[in-house]
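Colleague: the sequence and its predicted three-dimensional model are supplied below.
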Amino acid sequence: MVTRAGTWAEVSEAPEAADSLLDTLRIGVVILDTGGRILLWSPTTEELLGWRSEEVAGRRFVEFLHPAQRDPDPALRIYGELRRGRLWRGGLCGLHRDGHGVEVDGQASLLEDADGEPFILANVVEVSRLKAIEHDLAALDALFDSSPLGIAIFDEKKRFVRVNKALVELHQKPGEQILGRTVEEVLPAFMAQEISEVQSVVLRTGRTLVDMVMPSPDGQGARSVSYSRLTDRSGHVLGVSCTVMDVTERREALEKIERARQRLSLLDDVGVALGDLLDVRRISRALARSLVPRFADYAGVMLHGAVAHGDELPRGGTAAGVPLLQLGVAAKSTGPEVERMLRVGQDIAFAPDSFFGTVLATGVPHLAASQRELLAATYPGDPKVQAALDLGIHSLMCVPLRARGIVLGLLVISRAERREPFDRDDLALTMELAGRAGVSLDNARLYAREREGALMLQRSLLPQRVPSPPGVRIGYRYVPGSSGTEVGGDWFDVIPLAGGRVAFVVGDVMGHGLRAAATMGRLRTAVRTLAGLDLPPDELLRRVNDIADDLAHGPEEPLMATCVYAVYDPSTRHCTLAKAGHVPPVLLTPGRDGRWSARALDLPSGAPLGVGGVAFASVDLEVEEGAALVLYTDGLIESRGEDITEGLDRLCRSLSAVRGTLDIEHVCDDVIALAAPGDGGGDTRPGGPSGVVAAHTAVDDVALLVAQLGGLPEDSAACWTFPAESRAVRRARDEVRRTLHKWGLDALTDEAVLLVSELVTNSLRYAHGPIGVRMVRGSSLLVEVSDPLPDPPRERVADEHDEGGRGIQLVAQSSRRWGTRHGPIGKTVWFELTLPGERALSQG
């Protein structure tokens, strides 16, 4: 036990010099002759009775006594007793000059003068003062003898001069072996020197020391010692007083309270460390680190593989012999022995008959209190046990990590070298810690399983194959949120449209979890379906918004989503965009000297889908050759404590840093890195279908689509406008035939000429305005016929007696696909024919 310094009291200011004890008692002297006449009356007697000496000299002593004591004459009675015994003691009541009685106590002796004449010498003292002093002394003696505290008085040379019974019992020595000796001669050396120095300080300075806690002489308890200096009434130093109290029980109670406080603090700190974690490995590491070195020297968390991987737990518990995975370790030191014992990240198997196997099978904790038990824990020569012995481990606890009645794994902690071994209270605390940790681990396992299911659903709903339309290069990424959040509802899509055009879509369903992923799948399907109608972007968003209630899970959970939809035509390099409450797209354009510049496109924001009441508007852009359109969700630029415009500026700065030839994949990687600045880890290459990136620390999920926009190869398109007159059909056939011959597509001439002739004829019959014909050579042959009539043609089955009505039917049967779309003025009917090479491959 370590000595605890007591409290030093400041020295109070010395009072004025006090009277002596004789002054306090006021002892008077009276000398009488044998006849009772007063010969001497001292000044102190004058103070007691008020009579001056000249007033009483020669008078009889009896005159100055209370009348009740005058008969018989006390002086003669005293003289008679003195003649017989030479000494008299007794009480008298004197008569004060003022008339009141004064009780005095006296002592008289019979003496002789030089001539041999006898006389009486009497000393008198006021009874009231004498009794007060006697009461004080009696009280001090009683307190000294009966006090449960050990009390000792030391002289100015620090020698014991008086001790009480309690102190004798505390020292376990008889009083005669203590009195007259110093503490160096009575107490053990390890404490005597310090006490002697304290006594010297008290004697020299007069300062009082209170409650200095020291070990008992036998080292088995604790003593509280206090010292103060003793002085007489004149201030002369007499010595030192000491009180000693056995505080062993108090110290043990305080230590228990402190241990309880530390346990509660440890429970609270472990709860905080695990409270916001939803990853099994991180929880295991946090649990082990929170126990070392605060509670143990070494700690290991070993879990069943199903817990680590988010699988279902075995109903019957862990099977015998199945290894556990060491996921979390902590140690007060490092070295080869520590690595051999803890084996972080490895599988560890236990024999069924070892106490480790017993704890796994029964869920009952085990406390190994000796190295012999450690040796019996496994097979002889086990390197783990030998390493533990080499580290000096002498106490080990193995407790189960349980949840819902199933053992998930083991928490093994140990103490080494001079540290106190574990006790039953430590075992109870560890079980409480393991119980809380088991619940956290099981929650993390369930979360991992649910999250993986949601991710699988979301991945299945994202594009499994992204098309590569002519004139466009596509790069994309999808980054799931970090383990601290649920799966989100972000998505992207690339949709081929008629006429070689292509639609780009990026959206974000509000919320997280399976419902958000399912809603995202519905919304993506709706957008793809409506895109097949070849609608302008603003019209498509309006129609999706109209069916928002049907896409929602219910009236209590309305649909809320943002979306940006863009349509690009490579043949004209025109791009039309509209958005519904989404973050603005960014256009990356090439500049001089291989530099690129990025700017956010200023589009009408629109309201999120599901809100309603706000119109959507489209914006047309003519895109520079080789420019890149960057579409993304807010998780890429949004950060807590930061305005979203700052994230947008950061994105534009990152894109503007591109130099030289644009590498779409590198641009995607660089942009995704913005979601977690300084992360520096994780593969950002497409990790599977839909470019899902598995290792990333983005807080929210992110969808990214980068499209480098170009035009079609030179001489890949041709267009004509014919007046609405009868020769328009012949002219259209001639131009189509001549162009196909030029492109080397003579094999398609007859079929294309026939279908163009039918469509132009329909336009002449029903429309009254110019007729446009357009052909585009790409992955297929696209042919478009436009006229001012807004009503689309309808396919119908002509009767054998009908002279017409077979044109659209013929187009539908002969082309690979066909359709109509509305333009600013009128409509366009289009069809596609498979190129000869593609047709041969499909037939082969």
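Modeller: Here it is on my side, so go on.

Colleague: confirm residue 662 sits in a strand?
Modeller: No - going by DSSP: H, G, I helix; E, B strand; the rest coil, the assignment for residue 662 is coil, not a strand.

Colleague: close enough to count as contact, it and residue 590?
Modeller: Yes - at 7.5 Å, residue 662 counts as touching residue 590 under the criterion of C-beta atoms under 8 Å. Placement of C-beta: from N, CA and C, glycine included.

Colleague: if I pick residue 244, what's in contact with it?
Modeller: When contacts are counted by C-beta atoms under 8 Å, 6 or more residues apart in numbering, residue 244 touches 149-152, 166-167, 170, 223-225.

Colleague: break down the stretch 251-400 of the chain into its helices, ranges please.
Modeller: 280-291, 305-309, 336-342, 355-362, 371-375, 383-390 (DSSP state H, counting those that start in this stretch).

Colleague: pick the most deeply packed of those.
Modeller: helix 280-291 (a mean of 22; mean count of other C-beta atoms under 10 Å).

Colleague: packing partners for it?
Modeller: If contacts are counted by 3 or more C-beta pairs under 8 Å, 6 or more residues apart in numbering; DSSP states H and E, helix 280-291 sits against helix 248-275, strand 298-303, helix 305-309, strand 324-331, helix 424-461.

Colleague: what mean pLDDT does that helix get?
Modeller: For helix 280-291, mean pLDDT rounds to 93.

Colleague: residue 728 - how many residues pack around it?
Modeller: By other C-beta atoms under 10 Å, the residues close to residue 728 number 20.

Colleague: tell me the SS of it?
Modeller: Looking at residue 728 with three-state DSSP, the answer is helix.

Colleague: ok, it touching residue 759?
Modeller: No - applying C-beta under 8 Å as the test, residue 728 and residue 759 come out as separate, 11.2 Å apart.

Colleague: look up phi and psi at residue 833.
Modeller: Note on residue 833: backbone dihedrals following degrees, to the nearest 10 are phi -120, psi 140.

Colleague: hang on, isn't it packed against residue 777?
Modeller: No - with contact defined as C-beta under 8 Å, residue 833 does not count as touching residue 777 (10.5 Å).

Colleague: tell me where the stretch 601-750 of the chain has strands.
Modeller: Along the stretch 601-750 of the chain, counting by DSSP state E, counting those that start in this stretch, strands occupy 619-622, 628-632, 702-709, 717-722.

Colleague: of all these, which one comes closest to residue 325?
Modeller: Residue 325 lies closest, by C-beta to C-beta, to one member of these: strand 702-709, at 31.2 Å.

Colleague: name every strand pairing with that closest one and say which way it goes.
Modeller: strand 472-479 (antiparallel), strand 628-632 (antiparallel) (DSSP bridges).

Colleague: ok, and which of the ones you listed has the densest surroundings?
Modeller: strand 628-632 comes out most buried of the strands paired with strand 702-709 by mean count of other C-beta under 10 Å, with a mean of 25.

Colleague: in this structure residue 761 contacts residue 807, no?
Modeller: Yes - applying C-beta under 8 Å, one finds residue 761 in contact with residue 807, separated by 6.5 Å.

Colleague: coming back round to it: and residue 662 and residue 590? Which one has more around it.
Modeller: When residue 662 and residue 590 are compared for neighbours, residue 662 comes out ahead with 20 against 17, by other C-beta under 10 Å.

Colleague: distance of the closest residue to residue 271 other than its chain neighbours from residue 365?
Modeller: Nearest non-adjacent residue to residue 271, counting by C-beta to C-beta, 6 or more residues apart in numbering: residue 436, 6.2 Å away. Remark: distance between residue 436 and residue 365 (C-beta to C-beta, to the nearest Å) = 15 Å.

Colleague: repeat that for residue 287.
Modeller: 16 Å.

Colleague: ditto for residue 35
Modeller: 102 Å.

Colleague: for the two, indicate the residue with more neighbours.
Modeller: Taking other C-beta under 10 Å, residue 35 and residue 365 do not tie; residue 365 has more neighbours (18 against 11).

Colleague: now the more buried one: closest residue in space that isn't a chain neighbour?
Modeller: That would be residue 399: by C-beta to C-beta, 6+ apart, it lies 4.1 Å from residue 365.

Colleague: for the stretch 101-250 of the chain, what spans make up the strands?
Modeller: 101-112, 118-126, 150-155, 160-163, 208-215, 222-231, 237-246.

Colleague: in TSV, list the ones you listed along with distance to residue 792 and mean pLDDT.
Modeller: Conversion of the strands of the stretch 101-250 of the chain to TSV gives the following (distance: least, C-beta to C-beta, whole Å; pLDDT from 0 to 100):
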stretch	distance to residue 792	mean pLDDT
strand 101-112	139	84
strand 118-126	137	86
strand 150-155	113	90
strand 160-163	120	89
strand 208-215	100	87
strand 222-231	101	89
strand 237-246	106	89
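
Colleague: just send those back as TSV, with distance to residue 189 too.
Modeller: Conversion of these to TSV gives the following (distance: least, C-beta to C-beta, whole Å):
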stretch	distance to residue 189
strand 101-112	51
strand 118-126	50
strand 150-155	19
strand 160-163	17
strand 208-215	13
strand 222-231	16
strand 237-246	18
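
Colleague: quick one: which of those strands is nearest residue 53?
Modeller: Per C-beta to C-beta, nearest to residue 53 of the strands of the stretch 101-250 of the chain: strand 118-126, 14.3 Å.

Colleague: tilt between the closest one and strand 101-112?
Modeller: 150 degrees (axes from the mean of the first three to the mean of the last three C-alpha atoms, to 10 degrees).
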